[in-house]
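Novice: got a sequence here, can you model it:
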Amino acid sequence: MANLINVERASVAYGTRTLLDAVSLGVDEGDAIGVVGRNGDGKTTLLQMLTGTRAPDSGRVTHTSGLSVGYLHQADDFAADATVRDVIVGGRADHIWAAEADTRSVVENLLTEVSLDREVSNLSGGERRRVALAAVLLAGHDALVLDEPTNHLDVEVIGWLARHLAQQRAKALVVVSHDRWFLDAVGTKTWEVHDGAVDAYDGGYAAYVLARAERMRVAAGTEARRRNLMRKELAWLRRGPPARTSKPKFRIQAANDLIANEPEPRDSLALQRFATARLGKDVFDLHRLRLEAGEKVILDKLDWSIGPGDRIGLVGVNGTGKTSVLKLLAGELKPVAGTFKQGKTLKIGHLSQALVELDPTDRVLDAVERARRITELAGGREVSTSTLLEDFGFTGDKLTTRLADLSGGERRRFQFLRLLLDEPNVLLLDEPTNDLDIDTLTVIEDYLDGWPGTLIVVTHDRYFLERVSDVTYALTGGGRCDMLPGGVEQYLSDRAAAAAPEPARIEPQRGESASARERRAGKEMARIEGQLAKLDKQIAVLHDSMADAAADHVRAGELNAELQEMLTRKESLEEAWLAAAED
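Specialist: The predicted structure is shown next:
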């Protein structure tokens, strides 16, 4: 396939640190590349080079003639007086842009609660981020380069974005994200940025884990800690839901050999016994509870008992009150009615979305050692602060860095580290994956695997949610909090079913006899049967076209999108036929 962007021996340094060292790589037509790596290793710098917004210190980056590249920055640069309409649809009226199916889909999914006539300067940070993403998606670029596009999106919209990018018309996609489910859903290749180099892997995130684990198995001198973390995550992927293992099609036997003796991530029974010993029988007990935030009802007459060792994931669209529920459990909010009881031995650790206020002049090592030098993990295992600091990426010069000089991701890591040092027996985590790189997330997951206590996590990171929790609850509106035996998949399917329009029913006309109604219903059924027959022929032709285009990733994606639309249309017609047959 045609090469769109080519990087030849490009190097970038900041001060005395080399982020990219003589890197050579290319973006070809049809590529969908996920970029991973630790915070500060140069992922954003790589994107800046690819888009031409930053020239390399040495080497060169070239674009094919006439290439249009859309770049989603982590910061936006909208004009001060611009409206949302100006930014995303060039100021066009609703009746003009709404006639375009792609534009309508982007606006309906990303900007549901944002008026297009509002000035961008008056929007919140999350709303501005969604406007910037919508603008890039609708600009018709040849290639898309997206830096953390899933920030401020809920799990439902992240699923829509993955489908949209798989069906979009851009020739290539390069995306940096810490959302591993999203990377697996959209990626055909993975680039890992580390130590000044960029390693390329075939496949999405799951395939990358498999290939990287295999490299680590055969490579001499690999760090034991990183190898064990990767093996544990690989075991999770290979033993997890079927969707987790559908993409990697190579080196399966090597993977099976690698994890043959790897235990399950968690010994749930042992952790539950240990949690009961630390917490007693009661943790949280809610009875006929009503919780409000302003004029909004979040929980209404809810009965909910949370026991020792429960590991709960809480989902819901933005604005349903997930953060308020955590604040209720942490004792920061009071219910309007009903009873709320806490166990007597609780020691709650609450990781909020806000960064904790720390002494900006303090240094990392001093701040940690003043809190505790030794902390106890599951089963009484003790770990030193130096080990925790190393696991969380604080080594070398970082140990003496002032807290004021830490990046947002580093402060988030430090906040979680301080939380573990307090040895809580109940953890309330509100968006714990914000600003964290994937390597740090695997470390956190590893500690949570052996952490005995009650865990309640709110996150839009579907991978993290499925990885650390055992049961999922959803705030579905109307004051309800429902348990979902099918997890996130059930939540998404329930949301889709609720949003689908009811099939039209044939209403009897005034004064119409039963026989006349039957004739009218018969005509309607015959009309639908004719449409179904035509649709079946179109689907058969499309299947043949997909077989012919199997080697063309871009064309196959376009045909698959058409097929999904036809199947949805067929399902609607079949429901309409059944409705007519019942009348």
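
Novice: please enumerate the helices of the stretch 101-250 of the chain.
Specialist: Chain-ordered helices for the stretch 101-250 of the chain, with DSSP state H, counting those that start in this stretch as the definition, fall at 101-110, 125-138, 155-167, 180-186, 205-218, 224-239.

Novice: next, the contact list for the residue nearest to Gly196 when sequence neighbours are not counted, please.
Specialist: The shortest distance from Gly196 to any non-neighbouring residue, by Cβ to Cβ, 6 or more residues apart in numbering, is to Asp21 (3.4 Å). For every residue, glycine as well, the C-beta is placed using N, CA and C. For Asp21, the contacting residues are 11, 196-197, by Cβ atoms under 8 Å, 6 or more residues apart in numbering.

Novice: could you rank these by neighbour count and give me the top one?
Specialist: Ranked by neighbour count under the definition other Cβ atoms under 10 Å, the contacts of Asp21 are headed by Gly196 with 17 neighbours.

Novice: make CSV from the contacts of Asp21 and add pLDDT to it.
Specialist: Supplementary listing: the contacts of Asp21 in CSV, determined by pLDDT from 0 to 100:
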residue, pLDDT
Ser11, 94
Gly196, 91
Ala197, 93
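
Novice: mind putting the helices of the stretch 101-250 of the chain into a markdown table with mean pLDDT?
Specialist: Supplementary listing: the helices of the stretch 101-250 of the chain in a markdown table, determined by pLDDT from 0 to 100:
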| stretch | mean pLDDT |
| --- | --- |
| helix 101-110 | 90 |
| helix 125-138 | 91 |
| helix 155-167 | 91 |
| helix 180-186 | 92 |
| helix 205-218 | 80 |
| helix 224-239 | 69 |
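
Novice: tell me which of those helices sits most buried.
Specialist: Ranked by average neighbour count under the criterion mean count of other Cβ atoms under 10 Å, these are headed by helix 180-186 at a mean of 26.

Novice: so which strand or helix has Phe466?
Specialist: Careful, residue 466 is Glu and not Phe. Secondary structure here is read from DSSP states H and E; on that basis Glu466 sits in helix 462-468.

Novice: would you tell me what the next helix or strand after that helix is?
Specialist: The first helix or strand that comes after helix 462-468 along the chain, using DSSP H and E, is strand 471-477.

Novice: which residues touch whatever helix or strand comes next after that following strand?
Specialist: Remark: after strand 471-477, the chain's next helix or strand is strand 480-484, criterion DSSP H and E. With contact meaning Cβ under 8 Å, 6+ apart, strand 480-484 is reached by 299-300, 302, 304, 315, 325, 471-476, 490-491, 494.

Novice: what about Thr568, neighbour count?
Specialist: Thr568 has 11 neighbouring residues, counting by other Cβ under 10 Å.

Novice: am I right that it is in a helix?
Specialist: Yes. With DSSP: H, G, I helix; E, B strand; the rest coil as the criterion, Thr568 is part of a helix.

Novice: let me know the average pLDDT across stretch 471-485.
Specialist: Confidence over stretch 471-485, taken as the mean pLDDT, stands at 90.

Novice: what comes up buried for it?
Specialist: Within stretch 471-485, the residues that qualify as buried are 472-476, 479-481, 484, counting by 16 or more other Cβ atoms under 10 Å.

Novice: could the residues you listed be laid out in a markdown table, adding distance to Arg129?
Specialist: As requested, the buried residues of stretch 471-485 are arranged in a markdown table below (distance: Cβ to Cβ, whole Å):
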| residue | distance to Arg129 |
| --- | --- |
| Thr472 | 26 |
| Tyr473 | 27 |
| Ala474 | 24 |
| Leu475 | 22 |
| Thr476 | 25 |
| Gly479 | 29 |
| Arg480 | 29 |
| Cys481 | 28 |
| Leu484 | 28 |
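
Novice: ok, of those, which one's closest to Leu123?
Specialist: Set against Leu123, the nearest of the buried residues of stretch 471-485 by Cβ to Cβ is Leu475 (24.1 Å).

Novice: show me the contacts for that closest one.
Specialist: Taking Cβ under 8 Å, 6+ apart as the definition of contact, the neighbours of Leu475 are 298, 314-316, 320-322, 325, 481.

Novice: likewise for Ile33?
Specialist: Listed by Cβ under 8 Å, 6+ apart, the contact set of Ile33 reads 27, 172-175, 187-191.

Novice: quick check: Gly309 vs Leu455, distance?
Specialist: Remark: distance between Gly309 and Leu455 (Cβ to Cβ, to the nearest Å) = 9 Å.

Novice: spit out the residues that contact those two alike.
Specialist: Among the neighbours of Gly309, none is also in contact with Leu455 (Cβ under 8 Å, 6+ apart).

Novice: where does the stretch 251-400 of the chain have low pLDDT?
Specialist: Low-confidence segments of the stretch 251-400 of the chain, defined by pLDDT under 70, span residues 251-281, 355-358, 371-383.

Novice: likewise for the stretch 401-550 of the chain?
Specialist: By pLDDT under 70, the weakly predicted segments of the stretch 401-550 of the chain are 499-521, 523, 550.

Novice: all strands for it, in order.
Specialist: Remark: strands assigned in the stretch 401-550 of the chain by DSSP state E, counting those that start in this stretch are 426-430, 454-458, 471-477, 480-484.

Novice: what packs against the lengthiest helix in the chain?
Specialist: As far as residue count goes, and with DSSP state H defining each element, the longest helix of the chain is helix 514-548. In terms of contacts (3 or more Cβ pairs under 8 Å, 6 or more residues apart in numbering; DSSP states H and E), helix 514-548 is packed against helix 553-582.
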